[in-house]
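Participant: build me a structure from this.
(2 chains)
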Amino acid sequence: MLHRRWQLLPILPVLVLALFLVGCPKRPATTSAAAPAPGAPAPGTPGAGPSVAGPGAPGAPGAPGAPGAATTPGTPGAAPSPREFTAIAALTDIHFDFDKYDIRPGDAKVLDENAKWMKSNPTYLILIEGHCDERGTNEYNLALGERRAKSTMNYLVSQGVRANRITLISYGEERPQCTEKTEACWDKNRRAHFLVKAG
Amino acid sequence: MLTESAASGAHAALHGLLTLKRDRAEAEMRLYDLTSPEQRLIATKRFDLPAADGRRLAHKIADEVVYQFTGEPGIADTKIAYVSGNPQAKELFAMDYDGAGRARLTGNDSINLSPVWSPDARSLAFTSYMRGYPYLYRLFAFERRPIQLLAGFLGINIAPAWSPDGRQVALTLSKDGNPEIYLLDVATGAVRRLTRHPAIDTEPTWSPTGREIAFISDRTGTAQIFVMDAEGANVRQLTTSGFNTQPRWSPKGDAIAYTSRQGGHDIWAINPDGSNPRRLTAGPGSNESASWAPNGRHLAFQSNRLGSWQLFSMLADGSEQQPLTRGGGEFTSPAWSPRLP
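Facilitator: Residues are numbered from 1 along each chain as shown, chains lettered A, B, ... in the order given. Prediction:
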């Protein structure tokens, strides 16, 4: 057993307390005990309960849960994994105006061609990716990308493509095609992209 | 010694005894009021933690000192979760409130987004593409427990917000055809729809009473902040111009922070009745994704003012902006935890 006497620590003006609130007490003022290494695996200690492993080392959660293990509220339909789809030269991307999800007149013609291909290759499943430029905020763009994919699907369905062949996925601003901060680049990123899977 | 300190102008003195017993560290702190003639003992408190948690011990003592002087514990014993990575893989991490002790929380090589702490500070809800589509998950930050799927409906499962009692998560689903806000019962997985509007409705945030939810809708043309009651009724509009997203209701209830785009993005706050919209950041670069500290006095946010996305903190009036991360990657979407259990 080791006793260590701290030095008496005068707290000068009470304002110094602000350090505790906002500052980075690099030397936390009260103890010389070593800080744990970042993410040091605390568990494994016998009897180390959750509260112990706890807040000291959030590196511990280990492997992300086995994907199959969790229960599934709202079980995903039969949608195949996006990884099973591949891009195809016959289907052309369309683009969107900033913060909009309606189909531009010029892009409707592109979709007409895409719809023709889809109807003449009726066994293919179709994945429509909705994308945004980086100028929105991440969460809003996930919703905006979803709306872009949905508008695109609605148009294709209006041209006679069966809705049950189509799956949507929004990537928001997370999968940019182009990373420069220019109008031309942003325009490229605001897109609906098509992939297919042989049915 | 107390007298010496008092003579030097100190108002208070903290005295402590640290005892190390095998793998435990026990600290006894004593706080003295040096302004009182008898140098009154204000508080005595003991903490017992694993010896490896020395930093946390110091934070708990700091929070106790703050509590003794202000009536509310400090926020040193909190974590900030965040997103870091690249477009191929964005993972979740957590660090101490001051930026120290970074540790990874996910490792699935996909896109992980929008972490939010449960009110008990034990788990985080987040969106992940780990199974291909954007589903909502929960991870237990300090326990060896598998990640739990909270919502895996067709479409988007995004923008989680825990109810103050931790029983429900408000989120955005598009399973019925359009991004709408739903309540998810965490125990049963049952969902209930709150919004019904052909526009985008997303990014719910609870009032600390649990009676109201603020959210984003583009129903008037561009994204604006609205408030409804937690049953989905009595919708009212708070902001009317510009493009406003990322509403975050203060844990004190008296303000909603949000991100407003005017060229770049900046963080603003508005009273829940729609009065007093005020700008908290004014560049440089973009400032986004505010997250309140549990005391409602501090905010963490992301800024690219230094060229890459880094995390900063500031006071609730926008003053004292200071970096929490300093390079070494990109850091976004800070989520300030409640006080740790």
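
Participant: residue A:81: what's it in contact with?
Facilitator: B:131, B:132 (C-beta atoms under 8 Å, 6 or more residues apart in numbering or on different chains). The way it works is simple: take the backbone N, C-alpha and C, and place the C-beta from them, glycine included.

Participant: how near is it to residue A:195?
Facilitator: Counting by C-beta to C-beta, to the nearest Å, the separation of residue A:81 from residue A:195 is 11 Å.

Participant: likewise for residue B:262?
Facilitator: Distance from residue B:262 to residue A:195, by C-beta to C-beta: 37 Å.

Participant: which SS state does residue B:64 fall under?
Facilitator: Under DSSP: H, G, I helix; E, B strand; the rest coil, residue B:64 falls in the helix class.

Participant: look up how far chain A lies from residue B:228.
Facilitator: Per C-beta to the nearest C-beta, to the nearest Å, residue B:228 is found 17 Å from chain A.

Participant: neighbours of residue 180, just the number please.
Facilitator: Picked chain A for this. 10 (other C-beta atoms under 10 Å in any protein chain shown).

Participant: if you could check chain B rather than the one you did, that'd help
Facilitator: 25.

Participant: so where do the strands sit in chain A?
Facilitator: A:2-5, A:9-11, A:86-87, A:94-95, A:124-131, A:166-172, A:191-198 (DSSP state E).

Participant: does stretch B:50-69 come close to chain A?
Facilitator: Yes. Interface with chain A: stretch B:50-69 contributes B:50-59, B:61-63, B:65-66, B:69 (C-beta under 8 Å from any C-beta of the partner chain).

Participant: of the residues you listed, keep whichever come out buried.
Facilitator: B:50-59, B:61-63, B:65-66, B:69 (16 or more other C-beta atoms under 10 Å in any protein chain shown).

Participant: circling back to that earlier point, what's the closest of the strands of chain A to residue B:159?
Facilitator: strand A:166-172 (10.8 Å; C-beta to C-beta).

Participant: what's the closest one packed up against?
Facilitator: If contacts are counted by 3 or more C-beta pairs under 8 Å, 6 or more residues apart in numbering or on different chains; DSSP states H and E, strand A:166-172 sits against strand A:124-131, helix A:138-158.

Participant: tell me which residues of the last one are tucked away?
Facilitator: For helix A:138-158, the buried set under the neighbour-count rule, 16+ other C-beta under 10 Å, comprises A:138-153, A:155-156.

Participant: keep those, but drop any that are not near chain B.
Facilitator: A:138, A:139, A:140, A:142, A:143, A:144, A:146, A:147, A:150.

Participant: run through the residues that contact the fourth one.
Facilitator: Contacts here follow C-beta under 8 Å, 6+ apart; on that basis residue A:142 touches A:170, A:171, A:172, B:113, B:127, B:134, B:156, B:158, B:159, B:172, B:202.

Participant: can you check the last one too?
Facilitator: Residues near residue A:150 by C-beta under 8 Å, 6+ apart: A:101, A:130, A:168, B:174, B:177, B:178.

Participant: any idea which of those has the most stuff around it?
Facilitator: Busiest of the contacts of residue A:150 [other C-beta under 10 Å] is residue A:130, holding 29 neighbours.

Participant: would you mind confirming that that one makes contact with residue A:147?
Facilitator: Yes. If you go by C-beta atoms under 8 Å, residue A:130 and residue A:147 touch, sitting 7.1 Å apart.

Participant: how about the helices in chain A?
Facilitator: A:17-22, A:50-53, A:105-120, A:138-158, A:183-189 (DSSP state H).

Participant: quick revisit: which one of the contacts of residue A:142 is nearest to residue B:322?
Facilitator: Nearest to residue B:322 among the contacts of residue A:142, with distances taken as C-beta to C-beta, is residue B:113, at 25.3 Å.

Participant: list the contacts for residue B:113?
Facilitator: Residue B:113 neighbours (C-beta under 8 Å, 6+ apart): A:138, A:139, A:142, A:174, B:83, B:90, B:126, B:127, B:128, B:134, B:158, B:333.

Participant: look up how far chain A lies from the residue nearest to residue B:249 when sequence neighbours are not counted.
Facilitator: In space, and not counting its chain neighbours, residue B:249 is closest to residue B:205: 4.7 Å by C-beta to C-beta, 6 or more residues apart in numbering or on different chains. For residue B:205, the distance to chain A equals 11 Å [C-beta to the nearest C-beta].

Participant: residue B:137 too?
Facilitator: From residue B:137 to chain A the distance is 8 Å (C-beta to the nearest C-beta).

Participant: now that residue: which helix or strand?
Facilitator: strand B:135-140 (DSSP states H and E).

Participant: indicate each strand paired with that strand and its parallel or antiparallel sense.
Facilitator: Sheet partners assigned to strand B:135-140 using DSSP bridges are listed as strand B:123-128 (antiparallel), strand B:148-151 (antiparallel).

Participant: so how far is that strand off the chain centroid?
Facilitator: 16 Å (C-alpha atoms, centre = their mean, to the nearest Å).

Participant: need the residues that contact that strand.
Facilitator: Counting by C-beta under 8 Å, 6+ apart, A:61, A:64-65, A:70, A:76, B:92, B:105-106, B:118, B:122-128, B:130, B:147-153, B:157-158, B:160, B:169, B:171, B:184, B:186 sit against strand B:135-140.

Participant: mean pLDDT lowest for which of the strands of chain A?
Facilitator: Averaged per stretch, pLDDT over those is lowest on strand A:9-11, reaching a mean of 44.

Participant: can you list the low-confidence ranges for the stretch 1-150 of chain B?
Facilitator: B:1 (pLDDT under 70).

Participant: only the buried residues of the helix or strand that contains residue B:260, if you could.
Facilitator: Element membership of residue B:260, judged by DSSP H and E, is strand B:256-262. Judged by neighbour count using 16+ other C-beta under 10 Å, the buried positions of strand B:256-262 are B:256, B:257, B:258, B:259, B:260, B:261.
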